[in-house]
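A.B. asks: have a look; sequence and predicted model below, questions after that.
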Amino acid sequence: MKRIETDILVIGAGSGGLSVASGAAQMGARVVLLEGHKMGGDCLNYGCVPSKALIASGKAAQAQRHASQFGIADVSPDVDYAAAMAHVQDVIATIAPIDSVERFERLGVQVIQEYGEFISPTEVRAGDTVITARRIVIATGSGPLVPPIPGLDAVPYLTNETLFDLRERPEHLLIIGGGPIGTEMAQAHRRLGSKVTVIEGARALGNDDPETAAIVLEALRGEGIQIAEDALAGEVRGTAGAIEVVAKDGRVFNGSHLLIAVGRKSNTERLNLGAAGIETTKTGIKVDERLKTTNSRVYAIGDVAGGLQFTHVAGYHAGIVVRSAVLGLPAKASAAHIPWVTYTAPELAQIGLTEAQARDKHGTRLQVVRQEYAHNDRAIAERTTSGLIKVMVVRGRPVGASIVGAQAGELINLWALALANDMKMSQITAMVAPYPTLGEVNKRVAGAYFTPRLFGNPWVGRAVRAVQRWLP
Ligand SMILES: Cc1cc2nc3c(=O)[nH]c(=O)nc-3n(C[C@H](O)[C@H](O)[C@H](O)COP(=O)(O)OP(=O)(O)OC[C@H]3O[C@@H](n4cnc5c(N)ncnc54)[C@H](O)[C@@H]3O)c2cc1C
Ligand SMILES: NC(=O)c1ccc[n+]([C@@H]2O[C@H](COP(=O)([O-])OP(=O)(O)OC[C@H]3O[C@@H](n4cnc5c(N)ncnc54)[C@H](O)[C@@H]3O)[C@@H](O)[C@H]2O)c1
């Protein structure tokens, strides 16, 4: 057995682990990084990157179908599904060098391409090497949760780890789960020419504000996607090409392929956490607000920590751990200013409290201001007028924002800045937004907060009349 001593040991080279490793190494710490499978983890290989690339193919196909609104003939697109998947692989290959072993070795990180497992509270074994470190960071991510639905083990099914290997377009894709994976992949496949049925056990896009989510679901249904809600999958039957999902209430859904998208399972099995005294919860590794596990020299970040499971959260966690484990500074994680976006068309974005959550927490102190895309000149020019922004305001400060519409994911950035810095609505109205941009909806919605305070206000009216009498 080889032995290595280091300052920081990072287990897992996905979004979170890579950020810790590069940050720590560039600040001068000795870093060892373990990766048992693909550098880049889920986001690069089976998650964000391939899904957004396939969504881009679907968008290109859809634009051809609806070009006549811009004076160009509508065309039924000639979709080459295998070529769309080749585009997906090309996008992954373009980004991969940034996450590669070579790049990390150039940064001074010692990369070991093996799975790691604890053999004591201070030691991790990876292949034939035992590593001891001042601090250990677990960043092993998550994998697709495959629920114990009767019959599922006897039929072929896809997950996010196998979907992007397909080269023949599914004739009829059944998707169990109407969360972000289910809805994004439903729309991409529908636009590329598959029939699609989403089978959702509760409410589709149920983690988002119901009013904004409903606008997305209406758009998806309008494109021909069947979305069955309150349809908990109870049984799966059939063979390759002819699959049947039976809901608990007896509804039967038939299709050629089946995608399972019912959430995630933290990757903890290989870690032998018991040997290190690290406890888990139902969703992942138990951590405190500093992201420390029940072993005070070990941190857990990103998906494996079982909170919000997004790449930007893994990156944010990495920043907290670098401050704490590398610089020895106190740093705590918070979830209140974390945005998320579902990249359907229209996009759906959320930060902070939804309207219902804000009402529960702040009662009558809450004011909700709204602005429709239909009043935005750029949206009118580009025929993307179906959209809405709602901002939840308490005592002049935003506590949450929900956006549905074109580029909602870009527009939420401003509210991410505002919530991260506890900004006031007056600071948003002080901004001058270039015309004509969709971003003007952000300024307009902030203006809507002040409108009733300024227009039709008897005190303001009296003041204005007095000033007008005195002005020369
Ligand atoms: C289809 C899909 C689409 C998504 N789209 C988005 C999106 O648009 N935006 C967004 O923010 N998020 C998105 N996500 C979520 C995002 O992919 C994850 O939140 C993110 O990858 C988590 O990063 P991580 O570092 O925690 O884990 P991962 O990226 O999963 O990396 C963990 C790594 O650890 C390795 N590993 C596991 N066990 C061990 C071990 N014992 N030893 C060594 N290595 C180990 C794994 O092989 C893996 O490479 C999507 C997810 C999916 C599935
Ligand atoms: N755009 C993004 O940022 C993005 C995109 C995809 C995935 N992700 C990340 O990946 C995570 C996983 O996504 P997901 O969509 O798999 O999970 P999810 O947990 O968000 O949604 C799963 C859905 O499946 C339903 N469900 C569960 N069991 C069921 C059953 N037996 N029958 C029918 N429906 C059932 C649930 O009610 C839920 O609505 C997300 O929570 C997110 O963190 C992010």
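C.D. replies: On my side now, so go ahead. Numbering: from 1, shown residues only. Ligands and ions are numbered 1, 2, ... in the order given.
A.B. asks: pull up the residues of the stretch 151-300 of the chain that are close to ligand 2.
C.D. replies: For the stretch 151-300 of the chain, the contact set with ligand 2 under Cβ under 6 Å from any ligand atom comprises 176-182, 184, 199-202, 206-207, 232-233, 261-264. (Each C-beta comes from the backbone N, C-alpha and C, glycine too.)
A.B. asks: any of the residues you listed buried? List them.
C.D. replies: Buried by 16 or more other Cβ atoms under 10 Å: 176-182, 184, 199-201, 233, 261-262, 264, out of those.
A.B. asks: and of those, the nearest to residue 120?
C.D. replies: Closest approach between those and residue 120, by Cβ to Cβ: residue 264, at 28.9 Å.
A.B. asks: which ones are touching the closest residue to that closest one other than its chain neighbours?
C.D. replies: In space, and not counting its chain neighbours, residue 264 is closest to residue 142: 3.9 Å by Cβ to Cβ, 6 or more residues apart in numbering. Applying Cβ atoms under 8 Å, 6 or more residues apart in numbering to residue 142 gives the contacts 42, 264-267, 284, 303-304, 309.
A.B. asks: what two of those are the furthest from one another?
C.D. replies: 42 and 284 (14.1 Å).
A.B. asks: so which of those two has more stuff around it?
C.D. replies: Neighbour count, other Cβ atoms under 10 Å: between residue 42 and residue 284, residue 42 has more, with 27 against 24.
A.B. asks: helix/strand/coil for the more buried one?
C.D. replies: helix (DSSP: H, G, I helix; E, B strand; the rest coil).
A.B. asks: wait, doesn't it sit right on residue 144?
C.D. replies: No. Shown here, residue 42 and residue 144 do not form a contact pair, counting by Cβ atoms under 8 Å, at 9.4 Å.
A.B. asks: common neighbours of these two, please.
C.D. replies: The contact lists of residue 42 and residue 144 share residue 160, where a contact means Cβ under 8 Å, 6+ apart.
A.B. asks: residue 293 contacts residue 306, doesn't it?
C.D. replies: No. Using Cβ under 8 Å, residue 293 makes no contact with residue 306, being 11.5 Å away.
A.B. asks: mutual contacts of the two, please.
C.D. replies: Common neighbours of residue 293 and residue 306, using Cβ under 8 Å, 6+ apart, are residue 285.
A.B. asks: so which residues of the stretch 51-200 of the chain form strands?
C.D. replies: Taking DSSP state E, counting those that start in this stretch, the strands of the stretch 51-200 of the chain run over residues 110-112, 116-120, 123-126, 129-138, 142-144, 172-176, 195-199.
A.B. asks: residue of the stretch 301-450 of the chain closest to ligand 2, please.
C.D. replies: Here the residue of the stretch 301-450 of the chain nearest ligand 2 is residue 309; by Cβ to the nearest ligand atom that distance is 3.4 Å.
A.B. asks: how many neighbouring residues does that residue have?
C.D. replies: Here the number of neighbours of residue 309 (other Cβ under 10 Å) works out to 22.
A.B. asks: chain neighbours aside, what residue packs nearest to it?
C.D. replies: Excluding the flanking residues, the one nearest residue 309 by Cβ to Cβ, 6+ apart is residue 303, at 4.5 Å.
A.B. asks: and for the residue nearest to residue 378 when sequence neighbours are not counted, the neighbour number?
C.D. replies: Once flanking residues are discounted, residue 378 sits nearest to residue 436: 4.0 Å by Cβ to Cβ, 6+ apart. Applying other Cβ under 10 Å, we find 14 residues neighbouring residue 436.
A.B. asks: excluding covalently adjacent residues, which one is nearest to the spatially most central residue of the chain?
C.D. replies: Compute the mean C-alpha point of the chain, and by Cα atoms, centre = their mean the closest residue is residue 310, 4.5 Å away. Spatial nearest neighbour of residue 310, chain neighbours left out: residue 340 (5.7 Å); criterion: Cβ to Cβ, 6+ apart.
A.B. asks: and residue 7, helix, strand or coil?
C.D. replies: When classified by three-state DSSP, residue 7 comes out as strand.
A.B. asks: pretty sure it is touching residue 24, no?
C.D. replies: Yes. Residue 7 lies in contact with residue 24 (Cβ under 8 Å); the separation is 7.4 Å.
A.B. asks: what sits against residue 113?
C.D. replies: 34-36, 101.
A.B. asks: next one, pLDDT for it please.
C.D. replies: As predicted, residue 113 sits at a pLDDT of 98.
A.B. asks: show me the domain layout of the protein.
C.D. replies: Using automatic domain parsing, the domain ranges for the chain come out as 2-143+265-326, 152-262, 346-454.
A.B. asks: turn the ones you listed into JSON lines, columns for distance to residue 333.
C.D. replies: Listed next are these as JSON lines, based on distance: least, Cβ to Cβ, whole Å:
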{"stretch": "domain 2-143+265-326", "distance to residue 333": "5"}
{"stretch": "domain 152-262", "distance to residue 333": "19"}
{"stretch": "domain 346-454", "distance to residue 333": "13"}
